[in-house]
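Student: Next come a sequence and a model predicted from it.
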Amino acid sequence: MTIKIDGANLARQIRARVADEAARHFPDPATAPGLATILVGDDPASAVYVAGKRRAVVQAGMRDMHRSLPATATQARIAEVIDELAEDPEVAGILLQLPLPAGLDARSLIERIPPGKDVDGLTTASAGLLARDQHGLRPCTPSGIIELLDSQSITIEGSQACVVGRSDLVGRPMGQMLVNRDATVTVAHKGTRDLISATRQADILVVATGVRHLIGREHVKPGAAVIDVGIHRTPHGLTGDVRAEELDGFAKFITPVPGGVGPMTIAMLMVNTIEAARWAAQGA
């Protein structure tokens, strides 16, 4: 029987733990850590994602320091806002919601976020710390996936792992995190000539392509753990990058869509925010 990994339940536990930690280390609400989300424009999906993050930070006993900018905001104006937040000691973490409106250079704006406030783990400095396996803030979705694997006592050390997708948000950092945990990792992508050969060897298969139903039974090793990062809206509801129904009774573990990886992303954002606040308080 395939075990569905309940990310929603694990995320609730992590967020409760963060709330306890925030109350213990920052008992005065006026000095509680602040998360500054930056939303540029009025993209409906981005607005929903940011609203969820803002609710979560308040529920965790921290401060919502959101900044909203119009779609007409210039590169210079957004940079100015990021610089202001970077200098504000009340701001523990800064998150620039992506994607940005056309014509804006997201990468250069992200690089303005100090590593100690980079709660998305997307700056070059944060990526370097991850590559060196040194202390730093990690991208939220891959961190959540590691938590999901650990929650089921899925062995990472010595395992064969395959990550399908190489985005800065998920694929690249996911591969590095698995390497840091002593897995042997293959990263497959659109240039991979024989995808089935790459994925079929994996004890742990992480799929983060943004391509609906790309991965099916033919791609999966019997008894593997399959982590589906994709989420797609269809007339029949949400679905992922994996044809999950084909893997019932075939894979040992799978994350459902919805209720698998998604809730963990926000939970790990809360973890990063409280961590950033503690480091700042300690002068790290």
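Tutor: Done, it's in.
Student: okay, CA-based contacts and neighbour counts for the rest of this
Tutor: Noted.
Student: where do the strands sit along the stretch 51-200 of the chain?
Tutor: Ranges of strands in the stretch 51-200 of the chain, per DSSP state E, counting those that start in this stretch, are 63-64, 67-69, 91-96, 160-164, 184-188.
Student: Columns mean neighbour count and distance to Arg55 on top of those strands, output as CSV?
Tutor: Formatted as CSV, the strands of the stretch 51-200 of the chain follow (neighbours: other CA atoms under 10 Å; distance: least, CA to CA, whole Å):
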stretch, mean neighbour count, distance to Arg55
strand 63-64, 22, 8
strand 67-69, 14, 14
strand 91-96, 26, 14
strand 160-164, 25, 31
strand 184-188, 19, 34
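Student: what bits of the protein have low per-residue confidence?
Tutor: 284 (pLDDT under 70).
Student: Can you give the domain ranges for it?
Tutor: Domains of the chain are assigned by automatic domain parsing as 27-119, 140-263.
Student: Pull up the gap between Ala92 and Ala30, please.
Tutor: 13 Å (CA to CA, to the nearest Å).
Student: thinking again about what came up before, tabulate the strands of the stretch 51-200 of the chain (CSV), appending distance to Ile78.
Tutor: Converted to CSV, the strands of the stretch 51-200 of the chain look like this (distance: least, CA to CA, whole Å):
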stretch, distance to Ile78
strand 63-64, 19
strand 67-69, 8
strand 91-96, 10
strand 160-164, 33
strand 184-188, 34
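Student: need the contact list for Leu169.
Tutor: Leu169 makes contact with 122, 139, 141 under the criterion CA atoms under 8 Å, 6 or more residues apart in numbering.
Student: Look up how far Arg138 lies from it.
Tutor: Taken as CA to CA, the span from Leu169 to Arg138 is 10 Å.
Student: Quick check: neighbours shared by the two?
Tutor: Leu122.
Student: right, and the strands of the stretch 51-200 of the chain - which one's nearest Leu130?
Tutor: strand 184-188 (15.5 Å; CA to CA).
Student: mind listing what that closest one pairs with, with the direction of each?
Tutor: strand 160-164 (parallel) (DSSP bridges).
Student: helix/strand/coil for Pro222?
Tutor: coil (DSSP: H, G, I helix; E, B strand; the rest coil).
Student: picking up where we left off before, turn the domains of the chain into TSV, columns for distance to Met1.
Tutor: Shown next, in TSV, are the domains of the chain (distance: least, CA to CA, whole Å):
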stretch	distance to Met1
domain 27-119	33
domain 140-263	5
